[in-house]
Structure formats: structure tokens, C-alpha cells
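**Q** After the sequence you'll find the predicted model.
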Amino acid sequence: MNRLDGKVALISGAARGIGAETARLMVEAGARVVIGDILEELGRETARAIGTDASAVFQRLDVTSEEDWNAAIGAATARWGGLDILVNNAGMFLGKGIEEASLEEWHRLCAVNLTGVFLGTKLAVPSLRERAKANPHGSAIVNLASVAGLVGSQLDPLYSMTKGGVTLFTKSAALEFARKGYRIRVNSIHPGVIQTDMGQQTFVSRARKIGTNDVDAARQIALSTHPIGRLGVPTDIAKGIVFLASDDAGFMTGAGLVVDGGLTAQ
Ligand SMILES: NC(=O)c1ccc[n+]([C@@H]2O[C@H](COP(=O)([O-])OP(=O)(O)OC[C@H]3O[C@@H](n4cnc5c(N)ncnc54)[C@H](O)[C@@H]3O)[C@@H](O)[C@H]2O)c1
């Protein structure tokens, strides 16, 4: 189950967190992985920790740059002959309300969380299409949305808006590619609160909003919204991404996999 033998994957924002764990599990499942990120030193370290040059390499990738995407896709093609899987994982958090956020912050948030997903998808299509010809289940794109892309957010409305965009972009891209006969499946994953750098940023932001600056208390509040009784860890999400990218999800496209400890079941 969930094997990725012979497949080549490009994961954005994979220097740490969910992306890094996804890279690790994909290599374990038999894939060769390009780790793209703006954090160059950490990205190289992550690639080294995951495997040898034959299975995991780092490539600088700012998802807002067309040039960087072309270089990253080019690296996968030059090294391993093409691309079977794209994971649009890079993202940023903005814990500000509508009235507090500046236009500059809004533009940056949209550039990373929305433009990054559009650019990656658009520029990876030729390579994904080509490799799909040789695979009965085609190629796969997995987009990192969020539970905040399924329902509105009292606390982080702008972040939520970008993730809502990713949710519907996923469905529309799936439909467009199916209509065109490209054989590229496109699905999204919707994590609850996951203990990563970004998870920590949400606790800090909430502690500030409560007015106490008590980050542990904010963490406890977040935990209490997860019926399963714990917060998520990167591997909870990475396993879902590997599944969606694998041929075991061969009949899934335009779908959203919710991995949130029951948060949105309430
Ligand atoms: N942690 C959570 O609670 C949570 C919940 C729901 C969804 N998500 C989503 O999961 C994804 C991964 O988040 P994470 O929790 O691992 O966060 P993280 O902050 O640990 O990792 C995000 C990675 O994206 C990279 N990145 C940021 N801007 C970039 C850019 N312009 N170009 C390339 N890389 C860039 C960062 O350097 C970092 O390595 C994000 O899209 C996030 O929105 C996270």
C-alpha cells in the first residue's frame, strides 16, 4: 500500500515541518524527491538527513517566482527524467484580523499561499502530463489547504481566505485537467492544528489576541477543539499526502482529505 517506487516528487516548503516529513516518507516509500524551499541551509540539511543524492536533493525554490519553479522542475527532469508528483506545501500564516492587516501583508500572504500554488501547478503540468502517459493511474498534485479552508475562521480570516482558495482551486484544476484528458489527479489535504513552526505561530498569535500572552494556555485551548484529544504531528499529515500521491488513490481527484482529529466534525 501507498508505495511510490520509481516516482519523482517535488515538494515545496519541505525544509521543515509537514513538507520535510512528507519528503522523508516519500523516500521511504521508494520515491526520489526534490525538496524546494527558501530556507537553503535547513533545506540542504533536511535532504542530507533523508537520503543520499540518489533519493533526495535540495533546490532553492521561492514559490512566488516563476524562474525558481522552472529551475526546480528542471532539476527534477535533468536528474530523474521528469515529475510524477507535485506537493504544493509551502505556506505562510498571518494571525491578523481584517482591520489589522496591511495591504502589503495581504499581498505577501496571497503571493505565497495562492500565487505559489497556481504557479507550481501551471509550470509542472507539461512534466506531469508527460510522465502520466507511462502510468495507469496518471500523475498527482496534492495541495496543502487546511480546516481553515473548509470553514471560516474567527481569528485568522485572511489565512482562511487563502486556504479556501486552495480548496476550490484544487477542485477546478482537477476538473480542467480531467476535461483535457491530462490524467493528472489533483486533491487537497486539510490538516487541523499540527505541531510545527506554523502551529507554534498560531498559538503565539492567539495568546496575543486573548491578551494574556500565555502561549501554553492558547495551546491548551487549541487542543480542546480537537475531539481526538491531541494536536496533530507532521507524520499524521504526511501519511495522508503519500496516500493521495500514490496509485492507491487512483480513483480520487478533486477531493479533500480531512485530517483534523475531528475538529470539523463538530
Ligand atoms: N501547522 C498547522 O497547524 C497547519 C494546519 C493546516 C494547514 N497547514 C499548512 O501546511 C503547510 C505546511 O505547513 P507547516 O505547518 O509545515 O509550516 P512550517 O512553517 O513549518 O513550514 C512551511 C515551509 O514553507 C516554507 N516557505 C514559506 N514561504 C515560502 C516560499 N515563498 N517559497 C518556498 N517555501 C516557503 C517555509 O520556509 C517552511 O519551510 C502550509 O501550507 C500550511 O498552511 C498547516
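**A** Thanks, I have the structure now.
**Q** What residues does the stretch 51-200 of the chain have near the ligand?
**A** Applying C-beta under 6 Å from any ligand atom, we find that the stretch 51-200 of the chain lies next to the ligand at 61-64, 89-92, 112, 144, 146, 191, 193-194, 196-199. (Each C-beta comes from the backbone N, C-alpha and C, glycine too.)
**Q** Looking at those residues, which are in strands?
**A** Among those, the members found in strands (DSSP state E) are 144, 191.
**Q** Can I have the buried ones of the residues of the stretch 51-200 of the chain next to the ligand as a ChimeraX selection?
**A** Those of these that count as buried under 16 or more other C-beta atoms under 10 Å are selected in ChimeraX with:
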select :61,62,63,64,89,90,91,92,112,144,146,191,193,194,196,198,199
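**Q** Please name the residues that touch the spatially most central residue of the chain.
**A** For the chain, the residue nearest the mean C-alpha position is residue 89 (2.1 Å; C-alpha atoms, centre = their mean). Counting by C-beta atoms under 8 Å, 6 or more residues apart in numbering, residue 89 touches 11-14, 18-19, 22, 144, 241.
**Q** Narrow these to just the buried residues.
**A** When those are checked for burial by 16+ other C-beta under 10 Å, the buried set is 11-14, 18-19, 22, 144, 241.
**Q** which of the residues you listed lies closest to residue 207?
**A** Residue 207 has its nearest neighbour among those in residue 18, at 22.4 Å by C-beta to C-beta.
**Q** which residues are in contact with the host helix or strand of residue 57?
**A** Using DSSP states H and E, residue 57 sits within strand 56-60. For strand 56-60, the surrounding residues in contact (C-beta under 8 Å, 6+ apart) are 15, 23, 27, 32-38, 40, 43-44, 46-48, 50, 68, 71-72, 75, 79.
**Q** My reading is that residue 10 is in a strand; is that accurate?
**A** Yes. Residue 10: assigned to a strand according to DSSP: H, G, I helix; E, B strand; the rest coil.
**Q** what's the burial count for it?
**A** 27 (other C-beta atoms under 10 Å).
**Q** rewinding a little: could you tell me how far the residue nearest to the centre of the chain is located from residue 215?
**A** 25 Å (C-beta to C-beta, to the nearest Å).
**Q** picking up where we left off before, between the buried ones among the contacts of residue 89, which sits nearest the ligand?
**A** residue 13 (2.7 Å; C-beta to the nearest ligand atom).
**Q** For the closest one, which residues are in contact?
**A** Applying C-beta under 8 Å, 6+ apart, the residues near residue 13 are 19, 36-37, 63, 89-91.
**Q** Before we move on, what's the pLDDT of it?
**A** On the pLDDT scale, residue 13 is placed at 98.
**Q** Identify the residue spatially nearest to it, adjacent ones excluded.
**A** residue 90 (2.9 Å; C-beta to C-beta, 6 or more residues apart in numbering).
**Q** Enumerate every residue touching the one you found.
**A** Residue 90 neighbours (C-beta under 8 Å, 6+ apart): 12-13, 19, 36-37, 61, 63, 112, 116.
**Q** now swap in residue 44 and tell me
**A** residue 58.
**Q** ok, the stretch of helix or strand it belongs to near the ligand or not?
**A** Here residue 44, judged by DSSP H and E, is contained in helix 40-50. No. Applying C-beta under 6 Å from any ligand atom, one finds helix 40-50 out of contact with the ligand, separated by at least 7.1 Å.
**Q** what angle separates that helix from strand 56-60?
**A** 170 degrees (axes from the mean of the first three to the mean of the last three C-alpha atoms, to 10 degrees).
**Q** pLDDT averaged over helix 40-50, what's the number?
**A** Helix 40-50 comes out at a mean pLDDT of 98.
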